[in-house]
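*Asks:* Only the shape, not the letters, is given here:
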């Protein structure tokens, strides 16, 4: 019984800590819908990100994303969504960039799981958002292609 209580308290503490400290902060979250418009972008091969952009994406992931989505991108079941093979991430890259920039009250995932916490904004610029999304699209076993800054330049960044 003591072990079960210890595990429950450890998980609760981890979740609280993750929500309070790791998700980039920001007080305003968007309310954009993750339903509907399936956008798939495949820029030309010459648009592949540079090594510097991928390094920036890894740095951002390691600083802001890994606590919720874990170092391996698998998230925490029923708490934080996986980024591994995520249909949303792989098929709606521009919307994924929007969520990284503005956060979302509606966390995109498979339709059978409702995640308990909204995603707060993570970064402040289009370049940073593209870098971290491209990093995730091409790590953790994902082969998701890329998104370019030009493809997302019209996303309005909500003031925080």
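*Replies:* Good, I have the coordinates. Since the model is a prediction, treat every value here as computed from it, not as a measurement.
*Asks:* got a pLDDT number for residue 3?
*Replies:* Residue 3 is assigned 45 on the pLDDT scale.
*Asks:* repeat for residue 87
*Replies:* The model's pLDDT for residue 87 equals 89.
*Asks:* next one: the one 10 residues further on
*Replies:* Residue 97 carries a pLDDT value of 97.
*Asks:* Which other helices and strands does the helix or strand hosting it contact?
*Replies:* Residue 97 belongs to helix 93-102 when assigned by DSSP states H and E. Helix 93-102 is packed against helix 87-91, helix 126-137, helix 149-152, with contacts defined by 3 or more Cβ pairs under 8 Å, 6 or more residues apart in numbering; DSSP states H and E. C-beta here means a position set from N, CA and C on the backbone, and glycine is covered the same way.
*Asks:* let's see 7 Å
*Replies:* With contacts defined as 3 or more Cβ pairs under 7 Å, 6 or more residues apart in numbering; DSSP states H and E, the secondary structure elements packing on helix 93-102 are helix 126-137, helix 149-152.
*Asks:* Output those helices in JSON lines; the columns should cover mean pLDDT, distance to residue 56 and mean neighbour count.
*Replies:* What follows is those, written out as JSON lines (pLDDT from 0 to 100; distance: least, Cβ to Cβ, whole Å; neighbours: other Cβ atoms under 10 Å):
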{"stretch": "helix 126-137", "mean pLDDT": "98", "distance to residue 56": "4", "mean neighbour count": "24"}
{"stretch": "helix 149-152", "mean pLDDT": "97", "distance to residue 56": "12", "mean neighbour count": "17"}
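*Asks:* of all the ones you listed, which lies closest to residue 63?
*Replies:* Distances from residue 63 to each of these were compared by Cβ to Cβ, and the smallest falls on helix 126-137, at 9.7 Å.
*Asks:* What is the closest one packed up against?
*Replies:* Packing contacts for helix 126-137, counted by 3+ Cβ pairs under 7 Å, 6+ apart, involve helix 51-60, helix 93-102, helix 149-152.
*Asks:* Not counting that helix itself, show me its contacts.
*Replies:* Taking Cβ atoms under 7 Å, 6 or more residues apart in numbering as the criterion, the residues outside helix 126-137 that touch it are 49, 53-54, 56-58, 60-61, 65, 73, 83, 89, 93, 96-97, 100-101, 123, 142, 144-149, 152-153, 155.
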